[in-house]
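S.K.: Turn this into a model:
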Amino acid sequence: MSITLYTTGCPQCNVLKAKLDAKNIQYEINTNIDDIIALGVMSAPVLKVDDQVLKFADAVKWVNERG
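M.R.: Predicted structure coming up:
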């Protein structure tokens, strides 16, 4: 499974990062704004799980459903 957190360091980004860390979920961080826009998303954070792109609320739900 490939997981990437697209982040700008905003408060919501930090919340999602903390949730991932608390669940010991391994992920990569991408801070490139152009990459976020290329996903078709105009706000951060974004969690990409394999080919699935999750905005903040869906990303938090996904993390909460893990172990």
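
S.K.: Let me see the residues that make contact with the lowest-mean-pLDDT helix or strand in the chain.
M.R.: Within the chain, no helix or strand scores below helix 33-38, which has a mean of 94 by mean pLDDT, DSSP states H and E. Contact with helix 33-38 is made by 6, 8, 30, 44, 46, as judged by Cβ atoms under 8 Å, 6 or more residues apart in numbering. Every C-beta, even on glycine, is put in place using the N, C-alpha and C of the backbone.

S.K.: Contact partners for the first one?
M.R.: Right, Tyr6. Tyr6 neighbours (Cβ under 8 Å, 6+ apart): 30-32, 35-36, 39, 41, 44-48.

S.K.: Skip the chain neighbours and tell me the closest residue to it.
M.R.: Val46 (4.1 Å; Cβ to Cβ, 6 or more residues apart in numbering).

S.K.: Now for the contacts of Tyr6: which two are most distant?
M.R.: Largest separation among these by Cβ to Cβ: Asn32 and Leu47, giving 15.2 Å.

S.K.: neighbour count winner among the two?
M.R.: Leu47 (25 against 10; other Cβ atoms under 10 Å).

S.K.: which residues of the protein score low on pLDDT?
M.R.: The model of the chain has no residue with pLDDT under 70.
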